[in-house]
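> okay, sequence plus prediction incoming.
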Amino acid sequence: MSDLPRKAVTRTAKLAALPLGFAGRATWGLGKRIGGKSAEIVARELQQRTAEQLFKVLGELKGGAMKFGQAMSVFESALPEEVAGPYRAALTKLQDAAPPMPTSTVREVLAERLGEDWRELFLEFEDKPAAAASIGQVHRAVWHDGREVAVKVQYPGAGEALLSDLTQLSRFARLLGPLIPGMDIKPLITELRDRVSEELDYGLEAQAQREHAAEFAGDPDVVVPDVVHQGDQVLVTEWIDGIPLAEVIGDGTQEQRDRAGQLLARFLFSGPARTGLLHADPHPGNFRLLPADDGDGDAEVDGADERGDGGWRLGVLDFGTVDRLPGGLPATIGDSLRMTLEGEAEAVYGLLCEEGFVKESIDLDPDEVLEYLLPIIEPAEADTFTFTRSWMRNQAARIADPRSPAHQLGKQLNLPPAYLLIHRVTLSTIGVLCQLNATVRLRDELAAWLPGFVPEAETETKMAMDPEADDDEVLAQA
């Protein structure tokens, strides 16, 4: 296997072949039907072949192609069940692995970035990568002080490949649209392209990871490995074991699914409040389920602990893409969620207009806007909510059907640039929760961490009753 293809003409040719392949298979399918095969069988075979070609090419190219594939992978829950099967296996595989680059290339990068004597930094170094992703691969090693570490090595030419791939993919984004009903693919590709420079800068990634590691040090629920060493195109962090979330999705117990879902929601909403940063790459390959610490430094998973959490923590990896939110998530989100659940149509509409979700040139019916939003935020209304693929499919179908009022209204709403990444992260997280089929107390996490979700008067009353309680405690009880 060669390393990341660097010649633009090679990558462009591979990507350009995708729409041609889609057209060729459609012709093949027509021939099969003329030959007597049923439409259902032919459709299944077409989808299987399409999935295999699409994600094989995206995985082989790595770079922006694979980054796009990973971003799409969390939305497979939206596909109708009768067609989801062929895609699910290919998408899940893409989430956590890619063809590795040769050992000789890895050694060349390490020698160039860490010095010719780079091996002296490690007591042990495994040449075979433990994981290979979109712009780099990870090797397991032992640092010179005895710590187990993960060594992330960036693919040579990764920047050029990212830009080239995403530019090429945007040219036939319309053809990819039917893969995920109700989702506009082109803005997703544009947003990924805008984040290229940050994704490639291991200095920014190290800074974001250090801040998370410091804030979550000793946390009973979330584990973030600290940064050990950072160099140009090489990042060394502490190693964490655990069950990859893709495996939990595949065959985890219901207890593991529910716990992983709860912690994923907790991390999504608590991260910005605690660090001012939003982890913006929430695909399953970036999370691990780890045994909880029983207090004496030893892992303990035999039964639930005193909090009834099942004895698991969430390990979080890859801080290459973050959204910087110094004040936490915008209070507008919490305010609009709360007012929507309270049925305050006029107030919700006014807030959406004020924030730019409704352009000045457009006039909508506030009650229709409320009706459009309520099904989407259903998980925030109940004490517990089970995220399922069927629920996700229903939401996607409701918005995707051109005949539905929801589709027409959705086309008129606008997504302000400041909310674009938050929106994608939220949708991606919901996609993962549906893949997990997790029952989650989402309302608890919103009340604890989302500004505006709990009315200010209610929060002030609770603080007045207990002046010694800190803000987090008050919000969690609200």
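Perfect, thanks for sending it.
> find the residue closest to residue 223 in space, skipping its chain neighbours.
Leaving out its chain neighbours, the residue that sits closest to residue 223 by CB to CB, 6 or more residues apart in numbering is residue 315, at 4.6 Å. C-betas here are computed from N, CA, C, even on glycine.
> roughly how far apart are the one you found and residue 423?
Going from residue 315 to residue 423 by CB to CB, to the nearest Å gives 25 Å.
> which one of the two is surrounded by more residues?
The neighbour count for residue 315 versus residue 423, taken as other CB atoms under 10 Å, is higher for residue 315 (21 against 14).
> give the contact list for that one.
Residue 315 sits next to 222-225, 240, 242, 287-290 when contact means CB atoms under 8 Å, 6 or more residues apart in numbering.
> repeat the analysis, applying 7 Å as the threshold.
By CB atoms under 7 Å, 6 or more residues apart in numbering, the contact list for residue 315 reads 223, 240, 242, 287-288, 290.
> and the pLDDT for the residue lying closest to residue 246 once chain neighbours are set aside?
In this structure, residue 246 finds its nearest non-sequential neighbour in residue 284, 4.5 Å apart by CB to CB, 6+ apart. pLDDT recorded at residue 284 is 88.
> residue 293 bridge partners, please.
residue 299 (DSSP bridges).
> that one and residue 191, how far apart?
Taking CB to CB, one finds residue 293 at 37 Å from residue 191.
> which pLDDT value goes with the closest residue to residue 341 other than its chain neighbours?
Spatial nearest neighbour of residue 341, excluding adjacent residues (CB to CB, 6+ apart): residue 381 at 5.5 Å. At residue 381, the pLDDT value in this model is 94.
> list the buried residues in stretch 222-231.
By neighbour count on 16 or more other CB atoms under 10 Å, the buried set for stretch 222-231 is 222-225, 227-228, 230-231.
> whoops, I mixed them up, stretch 253-272
Buried-residue list, stretch 253-272, by 16+ other CB under 10 Å: 256-272.
> just the mean pLDDT for that stretch, thanks.
97.
> again with stretch 442-450
For stretch 442-450, mean pLDDT rounds to 97.
> please enumerate the strands of the stretch 151-300 of the chain.
Assigned by DSSP state E, counting those that start in this stretch, the strands in the stretch 151-300 of the chain fall at 222-223, 227-231, 234-238, 243-244, 277-279, 287-293, 299-300.
> the fifth one - contacts with which helices or strands?
The one in question is strand 277-279. helix 202-215, helix 254-275, strand 322-324 (3 or more CB pairs under 7 Å, 6 or more residues apart in numbering; DSSP states H and E).
> nearest to residue 369 among those would be which one?
Between residue 369 and these, the tightest spacing by CB to CB is seen for helix 254-275, at 23.9 Å.
> alpha carbons of the closest one, as PDB, please.
What follows is helix 254-275, C-alpha atoms only, in PDB (Å, rounded to 0.1, in the frame of the first residue of the first chain):
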ATOM      1  CA  GLN A 254     -27.900  -2.100  26.600                       C
ATOM      2  CA  GLU A 255     -26.200  -0.800  29.800                       C
ATOM      3  CA  GLN A 256     -23.100   0.100  27.800                       C
ATOM      4  CA  ARG A 257     -25.200   1.800  25.100                       C
ATOM      5  CA  ASP A 258     -27.200   3.900  27.600                       C
ATOM      6  CA  ARG A 259     -24.200   4.900  29.600                       C
ATOM      7  CA  ALA A 260     -22.200   5.800  26.500                       C
ATOM      8  CA  GLY A 261     -25.100   7.800  25.200                       C
ATOM      9  CA  GLN A 262     -25.600   9.700  28.500                       C
ATOM     10  CA  LEU A 263     -21.900  10.500  28.700                       C
ATOM     11  CA  LEU A 264     -21.700  11.600  25.100                       C
ATOM     12  CA  ALA A 265     -24.600  14.000  25.700                       C
ATOM     13  CA  ARG A 266     -22.900  15.200  28.900                       C
ATOM     14  CA  PHE A 267     -19.600  15.900  27.200                       C
ATOM     15  CA  LEU A 268     -21.300  17.700  24.300                       C
ATOM     16  CA  PHE A 269     -23.000  20.200  26.600                       C
ATOM     17  CA  SER A 270     -20.500  20.400  29.500                       C
ATOM     18  CA  GLY A 271     -17.400  20.800  27.300                       C
ATOM     19  CA  PRO A 272     -18.100  24.400  26.100                       C
ATOM     20  CA  ALA A 273     -19.300  25.400  29.600                       C
ATOM     21  CA  ARG A 274     -16.200  24.100  31.200                       C
ATOM     22  CA  THR A 275     -13.500  24.800  28.600                       C
END
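> next, the angle from it to strand 287-293.
100 degrees (axes from the mean of the first three to the mean of the last three CA atoms, to 10 degrees).
> begin at 623 from now on, thanks
Sure thing, new numbering starts at 623, so read that last one as helix 876-897.
> now for helix 876-897, which elements pack on it?
Helix 876-897 packs on helix 824-837, helix 867-873, strand 899-901, strand 909-915, strand 934-938, helix 1039-1058, strand 1061-1062, helix 1064-1071, going by 3+ CB pairs under 7 Å, 6+ apart.
> between the last one and helix 876-897, how many degrees?
It stands for helix 1064-1071. Put simply, helix 1064-1071 runs at 20 degrees to helix 876-897, going by the same axes, to 10 degrees.
> helix 1064-1071 packs against which elements?
Using 3+ CB pairs under 7 Å, 6+ apart, the elements in contact with helix 1064-1071 are helix 876-897, helix 1093-1099.
> and residue 986, which of the ones you listed is closest to it?
helix 876-897 (28.3 Å).
> ok, residues contacting the closest one?
Contacts of helix 876-897 (CB under 7 Å, 6+ apart): 833-834, 837, 843-844, 867, 870, 899-901, 909, 911, 931-932, 934, 936, 938, 947, 950-951, 1009, 1051, 1054-1055, 1058-1064, 1067-1068, 1071-1072.
> now the buried members of the contacts of residue 937.
Among these, those classed as buried by 16+ other CB under 10 Å are 845, 862, 864, 909-910, 912.
> closest to residue 988 among these?
Nearest to residue 988 among the buried ones among the contacts of residue 937, with distances taken as CB to CB, is residue 909, at 38.4 Å.
> ok, that closest one to residue 1009 distance?
15 Å.
> and stretch 749-758, end to end?
14 Å (CA to CA, to the nearest Å).
> quick check: mean pLDDT of that stretch?
If you average the pLDDT over stretch 749-758, you get 82.
> quick check, nearest of the contacts of residue 937 to residue 787?
Of all the contacts of residue 937, residue 909 has the smallest distance to residue 787: 24.7 Å, by CB to CB.
> looking at the residue nearest to that closest one when sequence neighbours are not counted now. What's its pLDDT?
Leaving aside its chain neighbours, residue 909 sits nearest to residue 867 (4.2 Å; criterion: CB to CB, 6+ apart). What the model reports as pLDDT for residue 867 is 94.
> so where's this structure uncertain?
Across the chain, the ranges flagged by pLDDT under 70 are 623-721, 755-756, 783, 790, 793-807, 810, 814, 916-932, 1078-1100.
> do that again at 50, thanks
When residues are selected by pLDDT under 50, those of the chain lie in 623-631, 641-666, 717-719, 916-930, 1081-1087, 1089, 1095-1100.
> any idea how it splits into domains?
The record assigns the chain these domain ranges, following automatic domain parsing: 630-718+789-816, 953-1062.
> which of the three states applies to residue 745?
Three-state assignment for residue 745 (DSSP: H, G, I helix; E, B strand; the rest coil): strand.
> surely it touches residue 766?
Yes. With contact defined as CB atoms under 7 Å, residue 745 reaches residue 766; the gap is 6.1 Å.
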